[in-house]
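Undergrad: Pasting the sequence and the predicted model now:
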Amino acid sequence: MGRKLLWRLAVSLLAAGLLLASCGTDLPRTEQVGLARVSLQDGHFLQNLAWSPDGSRLAATITMGGGDMMPASKIVVVHLATGKLDVPLEVPNAYSWVQAWSPDGDAIAFAVYPSVGEDSLREGIWTIQMDGSGGLRFVGEGDLAAWSPDGTRMAIHDIARNPGTRVWESSIWILDLATGDKWTAFESDGTFGWKMSWSPDGRHLPFAHDVRISAPTGLRTDIYVLDIETGALAQISRGGRNDFPTWSPDGRFLAYVDSGNRIGSQDAIIITRVDGSCSVQALQPISDVAFATWSPDGGRIAFVGLDGLYLLDIATVLGPDFLITGPVCP
């Protein structure tokens, strides 16, 4: 796999650096009706959110350390009612990114990028049991993972640079967790965003994919949905930089973060029908929105802003009938 996670690491350190630069100053709080800030008992910049199946907790990553030679990170669990942080795993010699909570609530999947020369944790996807039993399990090479709704499979994204063309090549493979059998569901040039999520029916995977376009814009990142049975690919967003797709629990809608059509523009959370035909903005444009993820009960979307962890109440922001009607477009 080489150093394929460096681009993800660079974004992580940039985000952490922005937060550290703001320490000691009064950050303007994000304010919007229906938006609640979670007050953490231990102030940190959280990344890569994943809801527990019962909706009471969020698994997240805290990135620390200094660069490729001295990485450090923690996997934490945030109790939303109290802001209390549990720390099921500290990773002193590697960066780790939470990927998904198992549907039964027993385990968390995470990606690892170890320091140079570190051999205790391989680069790739791992799982940890929440009760501390069984230790860590290596699942396979990759940098993104999503657990199937029935808990029997895992979709894993892997990326490598072709030594002949020097082009990044991405693939998604589906792993049977009981047998170890796997098959490739998708292959493409280019890189992915930060998140994959599995549809409730177990058939579709949304993800963010970089598509090369003409200069000077360079790259755009759009949301796509893959039908893992047929290989059909549907484009949901068109233009700009979009990431963090997350599926509503009833399977009717997708939410994602839209960073606008140019670097430096404001971010917003968009909720769209799963075919991309109609969408609505659920979050007023603000700076630095990331790691959006839909709650298991369908009522909230958690995300990280520059000044903390937030919960967006969908019924308050978009109306009590929104989850029935969805976006209404002409």
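TA: The structure has been received and is ready for your questions.

Undergrad: Checking the residue positioned nearest the centre of the chain next. Helix, strand or coil?
TA: In the chain, the residue lying closest to the centroid (C-alpha atoms, centre = their mean) is Lys195, at 3.5 Å. Three-state call for Lys195 (DSSP: H, G, I helix; E, B strand; the rest coil): strand.

Undergrad: so what's it up against?
TA: 48, 144, 207-208, 243-246, 291, 293 (C-beta atoms under 8 Å, 6 or more residues apart in numbering). Yep, even glycine has a C-beta here, placed from its N, CA and C like the rest.

Undergrad: try Leu226
TA: Leu226 makes contacts with 172, 185-186, 204-207, 232-233, as judged by C-beta under 8 Å, 6+ apart.

Undergrad: Any regions of the stretch 51-200 of the chain where pLDDT drops low?
TA: Of all residues in the stretch 51-200 of the chain, those with pLDDT under 70 make up the ranges 65-70, 116-120, 161-162, 165-166.

Undergrad: so which strand or helix has the residue nearest to Gly190 when sequence neighbours are not counted?
TA: Once flanking residues are discounted, Gly190 sits nearest to Asp210: 4.6 Å by C-beta to C-beta, 6 or more residues apart in numbering. Counting by DSSP states H and E, the element that carries Asp210 is strand 204-212.

Undergrad: Identify the residues contacting that strand?
TA: Counting by C-beta under 8 Å, 6+ apart, residues outside strand 204-212 touching it are 144, 146, 155, 157, 170, 172, 185, 188-199, 218-228, 236, 242-247, 254, 256, 274.

Undergrad: Of those, keep whichever come out buried.
TA: Buried subset of the contacts of strand 204-212 (neighbour count, 16 or more other C-beta atoms under 10 Å): 144, 146, 155, 157, 170, 172, 185, 188, 191-199, 220-226, 228, 236, 242-247, 254, 256, 274.

Undergrad: Tell me where the stretch 201-330 of the chain has strands.
TA: Secondary structure of the stretch 201-330 of the chain (DSSP state E, counting those that start in this stretch): strands at 204-212, 219-227, 233-235, 242-247, 253-258, 268-273, 279-281, 290-294, 300-305, 308-313.

Undergrad: Any chance you could list what contacts the fifth one?
TA: So that's strand 253-258. For strand 253-258, the surrounding residues in contact (C-beta under 8 Å, 6+ apart) are 206, 208, 223, 225, 236-237, 240-248, 267-274, 281-282, 289-290, 292, 294, 301, 303, 326-327.

Undergrad: Then the last one?
TA: With contact meaning C-beta under 8 Å, 6+ apart, strand 308-313 is reached by 30, 32, 34-40, 46, 49, 58, 60, 78, 80, 269, 282-283, 295, 299-304.

Undergrad: mind listing what's buried in that strand?
TA: So for strand 308-313, counting by 16+ other C-beta under 10 Å, buried means 308-312.

Undergrad: same deal with stretch 112-132?
TA: 112-115, 118, 121, 123-128, 130.

Undergrad: First-to-last residue distance for stretch 307-327?
TA: By C-alpha to C-alpha, to the nearest Å, the extent of stretch 307-327 from end to end equals 29 Å.
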